[in-house]
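In: With the sequence up front, the predicted model follows.
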Amino acid sequence: MTIQPDRRDVLVGAGAAIGTVVLAGCAAEKTEPAATPAPPEVLARTAEVPVGSALVVDGIVLTQPRPGEFTGFSAVCSHAGCTVSKVDGAQVICPCHGSTFGLDGAVLSGPARAPLTPAPITVRGDSIVAG
């Protein structure tokens, strides 16, 4: 004996199936509001970086070889990975093994053989920002 669903049962089942699909579609389209990008991190003010010298801040060596000309380098020494931390005039010095670097990142004296790695910086007004 076979039981045939009546018309009403078929319509109720179809309506429930369509409702489920519509609700699932609405849930899938729900999006989070776009995140506002964080402002770039200010590393230093331009006045904090002496002309003809450097400043080490947040793992970056900021140099100003000539007035208004700024460059950035990683503060990780290319010799053994120590952090360069001392500046003496136009020399950036690694405290671990005594390597010295110029304001262009080049090795002045070893044991390091490779220059400091450039780090991207941007000058915005009187601020120097990462990136």
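Out: Ah, there it is.
In: Contacts for stretch 72-84, please.
Out: Residues from elsewhere that reach stretch 72-84 (CB atoms under 8 Å, 6 or more residues apart in numbering): 43, 56, 59-63, 85, 92-97, 99, 101, 105, 107, 110-121, 128, 130. From N, CA and C alone the C-beta is placed, and that goes for glycine too.
In: One more pass at 6 Å, please.
Out: 56, 59-62, 92, 94, 96-97, 99, 105, 111-112, 114, 116-119, 121 (CB atoms under 6 Å, 6 or more residues apart in numbering).
In: Kindly report the same for stretch 43-54.
Out: 55, 57-58, 61-64, 67, 87, 89-90, 92, 126, 128, 130.
In: What subset of the residues you listed is buried?
Out: Neighbour counting by 16 or more other CB atoms under 10 Å classes 55, 57, 61-64, 87, 90, 92, 128 among the contacts of stretch 43-54 as buried.
In: and these as TSV, adding secondary structure, distance to residue 72 and pLDDT?
Out: Below are these laid out as TSV (DSSP: H, G, I helix; E, B strand; the rest coil; distance: CB to CB, whole Å; pLDDT from 0 to 100):
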residue	secondary structure	distance to residue 72	pLDDT
55	strand	10	95
57	strand	10	94
61	strand	7	96
62	strand	6	96
63	strand	8	96
64	strand	11	96
87	strand	14	95
90	coil	16	96
92	strand	12	96
128	strand	8	93
